[in-house]
Each structure stands twice: as structure tokens, then as C-alpha cells.
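Colleague: Quick check, what structure comes out for this input:
(2 chains)
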Protein chains: 2
Amino acid sequence: MTPNIPGRLEKLRGKLAETELDGIIISQPENRYYLSNFLGTAGYLLITRSEAVLATDFRYTEQANEQATAYRVVQIVGSAFDWFLQLIGELRINRLGFEAGHVTFSFHRRLSEAVSIAQSPLQLLPTDGLVESIRAVKEPEEIELIAKAAQIADSAMDYVRGIIRAGMTEKGVAWAIEKFMREQGSQSLPFEAIVASGPNAALPHHRPTERSFGQGEPVVIDIGAKVGGYCSDLTRTLRVGAPVHGDDLFNRVYDTVIRAQQAAAGMIFEGMSGGEADGLARRVIDDAGYSHAFGHSLGHGVGLAEHEQPRLGPNSSDALVSNMVFTVEPGIYLPGWGGVRIEDLVVMENGRVRTLSKTEK
Amino acid sequence: MTPNIPGRLEKLRGKLAETELDGIIISQPENRYYLSNFLGTAGYLLITRSEAVLATDFRYTEQANEQATAYRVVQIVGSAFDWFLQLIGELRINRLGFEAGHVTFSFHRRLSEAVSIAQSPLQLLPTDGLVESIRAVKEPEEIELIAKAAQIADSAMDYVRGIIRAGMTEKGVAWAIEKFMREQGSQSLPFEAIVASGPNAALPHHRPTERSFGQGEPVVIDIGAKVGGYCSDLTRTLRVGAPVHGDDLFNRVYDTVIRAQQAAAGMIFEGMSGGEADGLARRVIDDAGYSHAFGHSLGHGVGLAEHEQPRLGPNSSDALVSNMVFTVEPGIYLPGWGGVRIEDLVVMENGRVRTLSKTEK
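Modeller: From the prediction side, this is the model:
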């Protein structure tokens, strides 16, 4: 599937008009791919109201011509910024945006030097999240790829549910999951599988260790696959074997988290803010007396990046609109004991969210 | 093994004195780990002539205290830059360096705003490659980890040599290599294995495709493992089965590349520049009439990063000194036909290079 690059450029040009920019230079890798279909790992897009140029070096020129058919490809030769000098001369633009959250201080300095050498009237203006806000709303083909990646993560979770037992190690299970997903067609994983057992489950970003699972312990498993560049994200908390007699903490915590997860997934509607969505789940957890145990946000957008817009968390004003894909993942973490997190990937459709994750809870 | 953090801080403080800085803020991930032993994925080091502070958020505070024992750990709370405001008040420093090639324009702007809010006389000064130049010279324990990673790549190459045959695909072989190295103890691979067959072998940075190998074709295989955070890097060019009758191009090209590789590895001596080292191999290739076919540099440093200082390439003035670890990897690429690259990992010892890669050529 070749993405609809002209459509994406049109949306970007709408944003340029809104922010009174004559053009923008794009260097962030996912944004570069999203706007051009160019898969190389080095290069810059320079997009104006009427032109689209891709500058890359000799290693990628041929590939750029094949993939980025909506672009004029310019080969970077000689000093790294000659191409930029030449383009700003040709394109005659005055207000050029750059990606302030991605461009390094050094890169910005070199762009500024080029402008000053050229004695150009060009102004370099910082922009923030311009392409990311377009990427947050998915096209049907993007949702399809994300759904495929979600399906691979579902299958991996079903597989783990079947094999998990006391004595297995976090690292062993993480590698079994990775192997399974790769052999089911996932590209290199978007993030290392989180397998956090017992007390380690109290750490939301735990990295797998040699620790082996004890009977009745909670194990938080947070995994993602990648298909055609698009990520998925899924968390389940499993219990290893039967509960230890008299221990009902797991059930109480699990029950609270699942109610919070279902409350949010069931009540989020189109137009709500990320902050309001977060509140739906947080209220359930607060009411159960675990208000200090849910230390992260409810969710985040997923697409070419594992974490992207929108943000669902306290104070987020991001509006949740149609065709956004994001996670709904409340958790409760009790230091010393462990934790429970349940995460589904959802898409906003017809005013409500549809759940892409199918594995049981 | 816990790295010698006090020794590394002493080296950094020597650099601070040389560049007349009172302190430096470190945000680049490998530099942060190298100087602190902190494995978390978010946090900043603020190192002055006499103090070492690590600022990180609630997710990592406990871990930071355990791992970064040479540091005072400060928890980032509230607005993201309050910790910075508070520290510059406490530490009373005037000339603070930052990593200009890593820090984003936005981050730098927020630091500047904090300085101006604090009405501090502090000056923010760009630095370039300061910690990287220290990292380029390895400690014995670092060389040991790199040698282990090199050994895993060697074993994987021996394994591939045993199984390769016509009809296998680039993607299939890349995944077989990845699985093999992970099961031999490698962490997540530092880079996706390059498996480039036939005409694809003419592209130095080819990504594996579904293309299947033809009889007698060259296949460039470029792989790396990771052990304890340290990378290896190894390339061999294999021929699939027996040569097709009458085709002696493979042998001619292969022979030239191996002579170039051996000339460089045999003649590089301590104190030589990266440019001079590159010239040793380039001369052999030029003399054989392939001067336009060796389009990349001879090599690069390897350590916590897959590509780091020193650079061995035309015009590089980087001095090659004792205990540097780097690659020696000439190649010849002929569009339409394919290519040959041979890469060993070496360490500078007793004035000459010792080869860490052991698999046959």
C-alpha cells in the first residue's frame, strides 16, 4: 500500500497557512516517512505552499526517487548545508518553520549560519507538533495496519497465557514473546517486551530480569508488534497458577483496574478531552481507595510511533476525535507487592471507541 | 561489573578545566549511562568541578539511587525545569556546558528561560563531543565486553556459513542470525542485520527483503551483537555455492577488498590519524582500478554506540591511540552486479591493532 502523500501534503499546507508559514523543513524520522513515503534513514524534506523537495545523500538518492514520487529529490553533496543554501535561494520563501522538539541546537545553528551567509531575508521559526497533530488522525489504511499489529500482540498474549508457570523467568518469557511475534510477521519490535513479576510489577517501566515467577504472583506483560511501520500496544496482568490461600489482594486490585478500564473505554466519546477521558478511569480507582497508586496517564496515541498524540492524562486538552487510535491503560501499583495494568488499543469511530485488542482480560 | 565512575568523572573534569567550563549538563543517553551507571531512560546529569547530581522523575528515583552511587539524586517534580532552576541557584556556577549535538532547540530554549527567570549570571555554552572523546578510549572491562559481543557475532557468521544456500531469502537469513545471537546471550541487537544479495549487495545500507539468493551470487552480511551495553560489528561477504562457470569477477573484487583490509589492519599504528588509516586501504582499491567503487569511510569507533569516535575516513584528523576500538571495513560496490565488504573489529594495543573478530575470511 502506498500512502496518500498528496492528501497529507495538502493537510500540512493547510497548517502552514494557519500558522502563516511559507514552508517547513522536516527532519523527524516518522514525520519524514509519513509525508514522503521515503524509508531511508537520512534526509530532509523542505515543503512550501507549492513545492516539495527531499534532500538526501548519495546512499539514498536512487531509493528516494523510487519511493518519494511526490518530491523533487536533491542530492546532498559537498558541505552539508550547501543544499540548504541553494534551496532557499531558489524557493524564495521568507517564513520557514523547523521542528523545535527534534532539531538539535547544532543543526539549528548551522541552518542559521547558512541563512546569514546567503544574506537571505529568511526567518527560521520554531514549530511544535505540527505534523504530529495530522498523524494523530488515522487514514483507513493506517488503522488496518495497526489492527494487524494488534492482532499479532493478541496472539502472543494468548500464547503466553497457555505456557506461563511458576519458575519461568522474566527474560525467558520476554524472549519467547519476541520470537513468537517476529515469526507471526512483526517487524523489529517497537519496544522491548515488559515482563514484570511479583514486586517488580509495581514498576510501570520495569525491564525483564532473571527473576523467576512465584506461585500466585501477578505478572504484568506489556507488548507491542509492528506491521508496515505501524505499532500496537497491549497489556495484560496474568496470575501465575492458582492464588496462594487467603490472598485476595490480587482479585481486589484486578477488579478495580478492570472496572476503571471498562468505565473509560465505555464512556469516552468524541470531542472529549484527554483530561476528561483520564478522569473517567481515575475516578473508579480513587473511589476504591487507590488514588496514589495510579501514577501515570490513562493512555497515548499509537501509530508510526509507539507514543504519539493524543495524550490522555490529567490536564490534557487534546481533543479526542474520529479516527484517532490510542491506548486505554489504567494501573494500580503497590510497592513491595506488585501491580496490575490492563491496556487495550482503541480507535474512535462513530462517536465512541471501538476496541482493537481482542485477547481476553 | 560496576564501571569506574569516579575515574570517568575525573577525566570529564579534566576536560571541563581545559575548556574553562564550571560544569556540564549531560542528556545524551549513552553519555549519561557512561558517566553515572544509571540505566534509566530519562534523566539529566549536572556535573561541576566538585559535585555530581542526577535529576530524574518518580519512575526512576529508586533505581537511580541504587545504580548511580556517585551522584546526589534529585527528583524532578512540578514544572519540568524547576529542578534546573533550583540547582543553578545551589551550585553557583557561571559557565555551564550543554551537548549541542544532542540537545533540541526546545530544550535549550527552556534552559535559557529558566536562567533568565532565575536572573542568574549563568552562561549556557555549546560543547561538542566532549564525553564522546573520553568514551573513545576504552577501559579493560569495556574491551572485554566488546570482545564477548564480537565472539557472538563470530559464532553467528560461522553458523550462517554452514547453512547458506540458493533459494534462501534475505529476510529469512537476517531473522535466523538475530535468533541465533539472542540465544547466544546478545541483548537486543544494536542494528538490524544487513543481508544483501546479488545486486542488492551494491547498496552499503541495504535492508533485508524477500529476495532469494541465486547460485554463485555475493551476499554481504553485516551484523552486530550487544553484551552489557557494548556493541560489536562484523561483515563478511559469502558466495552462495560454487561460482557460475566463467565468472571470475567475484574473485577479483574479493581479492582486492581482502588485500585492502589486510593492508590497513597490518599497517595502522598508534598515533596515525583516521585519514591516514583510511588511505592505507583506499590506495589498494584505487590501484586495482576501483577508486569510484569505495564510497564510504574505512571505519568507525564501536562501544556503547554502534558508531562512535574515532572516525577513520578521508580527512579525519582523529588520532588513533591506545585502547581505541574501531572497525576496518573497506568495500567495493558495483551497481547492477553487487558488492564485497569485509569488516573486522580491532583494538589498538602496544602500538598496533589486535583483531577481535576471529571468524575466517
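Colleague: only C-alpha atoms for contact and neighbour calcs from this point on.
Modeller: Will do.
Colleague: and A:T235, what element?
Modeller: When secondary structure is defined by DSSP states H and E, A:T235 falls within strand A:234-239.
Colleague: Let me know the average pLDDT across that strand.
Modeller: Computed over strand A:234-239, the mean pLDDT rounds to 96.
Colleague: same thing with stretch A:268-285?
Modeller: pLDDT averaged over stretch A:268-285 gives 98.
Colleague: Contacts for it next, please.
Modeller: The set of residues that contact stretch A:268-285 without belonging to it, under C-alpha atoms under 8 Å, 6 or more residues apart in numbering or on different chains, is A:256-257, A:259-261, A:263-264, A:267, A:291, A:294, A:297-299, A:310-322, A:330, A:332, A:348, A:350-353.
Colleague: change it to 6 Å
Modeller: Contacts of stretch A:268-285 from elsewhere in the structure, counted by C-alpha atoms under 6 Å, 6 or more residues apart in numbering or on different chains, are A:260, A:264, A:291, A:298, A:311-321, A:351-352.
Colleague: Okay, the residue in the stretch 101-250 of chain A positioned nearest to chain B and B:R92: tell me how far apart.
Modeller: Going by C-alpha to the nearest C-alpha, chain B is nearest to A:T104 of the stretch 101-250 of chain A, at 4.0 Å. Going from A:T104 to B:R92 by C-alpha to C-alpha, to the nearest Å gives 27 Å.
Colleague: So which of those two has more stuff around it?
Modeller: Ranked by neighbour count (other C-alpha atoms under 10 Å in any protein chain shown), A:T104 and B:R92 place A:T104 first, with 21 against 13.
Colleague: Once you drop chain neighbours, what's closest to the more buried one?
Modeller: Here the nearest residue to A:T104 in space, its sequence neighbours aside, is B:T104; by C-alpha to C-alpha, 6 or more residues apart in numbering or on different chains that works out to 4.0 Å.
Colleague: who are the neighbours in contact with the one you found?
Modeller: Under the criterion of C-alpha under 6 Å, 6+ apart, the contact list for B:T104 reads A:101-105.
Colleague: Go through whichever helix or strand comes after the strand holding A:T235 and flag the buried ones.
Modeller: Once the chain leaves strand A:234-239, the next helix or strand it forms, by DSSP H and E, is helix A:249-267. Of the residues in helix A:249-267, those buried by neighbour count under the rule 16 or more other C-alpha atoms under 10 Å in any protein chain shown are A:250, A:253-254, A:256-265.
Colleague: Let me know the angle separating the helix or strand following helix A:249-267 from helix A:249-267.
Modeller: Read in the C-terminal direction, the helix or strand following helix A:249-267 is helix A:274-287, with elements assigned using DSSP H and E. Angle of helix A:274-287 versus helix A:249-267, following axes from the mean of the first three to the mean of the last three C-alpha atoms, to 10 degrees, is 150 degrees.
Colleague: could you point out which element follows helix A:274-287?
Modeller: Downstream of helix A:274-287 (by DSSP H and E), the next one is strand A:299-301.
Colleague: Quick one: mean pLDDT for the next helix-or-strand element following that next one?
Modeller: Past strand A:299-301, further along toward the C-terminus, the next helix or strand under DSSP H and E is strand A:308-312. Taken as a whole, strand A:308-312 carries a mean pLDDT of 98.
Colleague: re earlier: and the furthest pair within the contacts of B:T104?
Modeller: Of all pairs drawn from the contacts of B:T104, the one with the largest separation by C-alpha to C-alpha is A:G101 and A:F105; the distance is 10.3 Å.
Colleague: And those two? Which one has more around it.
Modeller: Neighbours per residue, other C-alpha under 10 Å: of A:G101 and A:F105, the larger number sits with A:F105, 22 against 17.
Colleague: Pretty sure the more buried one sits against B:E99.
Modeller: No: here A:F105 does not reach B:E99: they are 8.5 Å apart, not a contact under C-alpha atoms under 6 Å.
Colleague: any idea which helix or strand carries A:K15?
Modeller: Under DSSP H and E, the secondary-structure element containing A:K15 is helix A:5-18.
Colleague: Could you do A:H108 as well?
Modeller: Secondary structure here is read from DSSP H and E; on that basis A:H108 sits in helix A:105-117.
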